[in-house]
Each structure stands twice: as structure tokens, then as C-alpha cells.
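> below is the sequence, then the predicted model.
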Amino acid sequence: MKLILKIMFVIFLVWIIIGLYLINTEHEKAQVVMGLGVFYFSFLFMPFFIYYRYRDGKYKKYILNDEKLMKAFKNQEKE
């Protein structure tokens, strides 16, 4: 999975570099290439990345619940 994410990120970087080159040369399809690059990043790369990062319940420490909020407010009152 790690290798797939690295390959996908490299594809994204190359895609954006090509898009920037086409914009600088004022190619007629430059905006389409950049738009597809953003589409690729938003709907293909990011979901894979989010799944990879937060599988196995790693996301649970970032979820706010009553216990964590009470602890935060108590810490804030002490300061």
C-alpha cells in the first residue's frame, strides 16, 4: 500500500509539473490538464491516503468526545 501511495504521489507531481509547463507555454489544453490533476488528487489520491493513514483505528485519538472536552477545559482553567 505504501508503494502505491508513493507512485500515485509521484504521478500527481509529474502531472502538475507538466500542467505548469503547459500554462507557461500557453498551450490550449493547459487548463484541462491542471483541472484533471486536481481531480486526480481530490478523488483518487486523497481517499487512498486517508484510508492508509487512519485504518486500524488511528483516527480515534482525534475525535472529540465529552471526556476530552472536559479535560481540555480543566487544563485551560489551570492556566
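Nice, I can see it.

> need phi/psi at Glu28.
Backbone torsions for Glu28, taken as degrees, to the nearest 10, come to phi -70, psi -20.

> ok, how many other residues are close to it?
As a burial measure, Glu28 scores 7 neighbours (other Cβ atoms under 10 Å). C-beta: built from backbone N, CA, C; applies to glycine.

> low-confidence ranges, this protein, go.
Within the chain, the stretches with pLDDT under 70 are 1, 78-79.

> any idea which residue sits dead centre in it?
Residue closest to the average C-alpha location in the chain (Cα atoms, centre = their mean): Met46, at 4.5 Å.

> after the helix or strand hosting that one, next one along is what?
Element membership of Met46, judged by DSSP states H and E, is helix 46-54. Next along the chain after helix 46-54, taking DSSP H and E as the criterion, comes helix 66-78.

> chain center to that next one: distance?
Computed by Cα atoms, centre = their mean, to the nearest Å, the chain-centroid distance of helix 66-78 equals 30 Å.

> what are the C-alpha coordinates of that helix, in PDB please?
Provided in PDB are the C-alpha atoms of helix 66-78 (Å, rounded to 0.1, in the frame of the first residue of the first chain):
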ATOM      1  CA  ASP A  66     -17.200  14.800  26.300                       C
ATOM      2  CA  GLU A  67     -14.300  13.300  28.300                       C
ATOM      3  CA  LYS A  68     -11.700  15.000  26.100                       C
ATOM      4  CA  LEU A  69     -13.600  18.300  26.200                       C
ATOM      5  CA  MET A  70     -13.900  18.300  30.000                       C
ATOM      6  CA  LYS A  71     -10.200  17.500  30.300                       C
ATOM      7  CA  ALA A  72      -9.300  20.400  27.900                       C
ATOM      8  CA  PHE A  73     -11.500  22.900  29.800                       C
ATOM      9  CA  LYS A  74      -9.900  21.800  33.100                       C
ATOM     10  CA  ASN A  75      -6.400  22.300  31.700                       C
ATOM     11  CA  GLN A  76      -7.400  25.700  30.400                       C
ATOM     12  CA  GLU A  77      -8.800  26.800  33.800                       C
ATOM     13  CA  LYS A  78      -5.400  25.900  35.500                       C
END
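
> so where's the longest helix in the protein?
The residue-count maximum for a helix in the chain (DSSP state H) belongs to helix 2-24.
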